[in-house]
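**Student:** Turn this into a model:
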Amino acid sequence: MANFLDKIINLFKWPIAIYMLISLPALFSSVDFFSFTSFKYVALGAGFFMYFIARTMADSSVKTAMQIVAHELTHSFFALITFHKVKHIRLDPEGSGGEMGFAGEGNWLIVIAPYFFPLFGFFYMLIMPYFPESIMFNGILGYILGYHMDTVGSQIHDKQTDLPKVSYKFCWMFLPGANFWTIGSIIAYNSKGWLGVKVYFDLINRLNLQNFEYLINLVF
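**Tutor:** Here you go, the predicted model:
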């Protein structure tokens, strides 16, 4: 099952990269979708900036260790949901890195997942609907968003061993759009939960179609 799923996922590698690339104009223009003056967004923004304030006071070694743990757990999560058995997760005793191993050949999603997917944010978004609505939860979501953006930004560099595995060309095509999708989805969730995420996805697809029709009319 895992090998079959890997082949399907790998088949869509470049089409998804192209889609993320051509979605960038729609992702930029989708900012108008959000009503940033609502209390929920104020709380999200407060939590976001609170993360960066806390970051300046945190021990750098602890921060790095947490990022490495999140990184390897994200690899492992995508290995598990694509039916690969995780063999081990190891962290460097000096806190300089880590690794995880899984059975099978794997796929590009397992490799690239930590560079766009907010693992902690995803699970937080799963449990939020089971609690009474509270501005505090929006603030925590903003804190997690700040953590995700900081972690991704610090881990994308030329010494990162994961990126060459999928090719730098793919990374340049896929990661900007994928991260804007992620950030937009979290912000949309902050307003209307999972329904907000669906509406946001529909909006991006609609804007992509409008942009495509505009280009066709421009050319012909």
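**Student:** for stretch 24-43, what is the average pLDDT?
**Tutor:** The pLDDT scores in stretch 24-43 average 87.
**Student:** ugh, typo on my part, it should be stretch 146-162
**Tutor:** pLDDT averaged over stretch 146-162 gives 89.
**Student:** now stretch 205-214
**Tutor:** For stretch 205-214, the mean pLDDT works out to 92.
**Student:** Give the buried residues for it.
**Tutor:** Judged by neighbour count (16 or more other Cβ atoms under 10 Å), stretch 205-214 contains these buried residues: 207-208. Any C-beta I mention is one placed from the backbone N, CA and C, and that applies to glycine too.
**Student:** cool, stretch 48-59 as well?
**Tutor:** 48, 51.
**Student:** can you check stretch 1-8 too?
**Tutor:** Residues 2, 5-6 are the ones in stretch 1-8 that count as buried (16+ other Cβ under 10 Å).
**Student:** residues near the residue nearest to Pro129 when sequence neighbours are not counted, how many?
**Tutor:** Of all residues not flanking Pro129 in the chain, Gly193 sits nearest, at 6.1 Å (Cβ to Cβ, 6 or more residues apart in numbering). Number of residues near Gly193 (other Cβ atoms under 10 Å) recorded here: 14.
**Student:** now Ile22
**Tutor:** Look at Ile22: counted by other Cβ under 10 Å, it has 15 neighbours.
**Student:** so which helix or strand takes in the residue nearest to it when sequence neighbours are not counted?
**Tutor:** Excluding its sequence neighbours, the residue lying closest to Ile22 (Cβ to Cβ, 6+ apart) is Asn208, at 6.8 Å. Here Asn208 sits within helix 168-219, counting by DSSP states H and E.
**Student:** Distance from the chain centre to that helix, please.
**Tutor:** 13 Å (Cα atoms, centre = their mean, to the nearest Å).
**Student:** by contact count, what packs against it?
**Tutor:** Helix 168-219 makes packing contacts with helix 13-22, helix 24-29, helix 39-57, helix 108-112, helix 119-127, helix 135-155 when contacts are defined by 3 or more Cβ pairs under 8 Å, 6 or more residues apart in numbering; DSSP states H and E.
**Student:** need the contact list for the spatially closest residue to Tyr200 that is not a sequence neighbour.
**Tutor:** Closest residue to Tyr200 apart from its sequence neighbours, by Cβ to Cβ, 6+ apart: Ala188 at 3.7 Å. Contacts for Ala188 (Cβ atoms under 8 Å, 6 or more residues apart in numbering) come out as 33-34, 196-197, 199-200.
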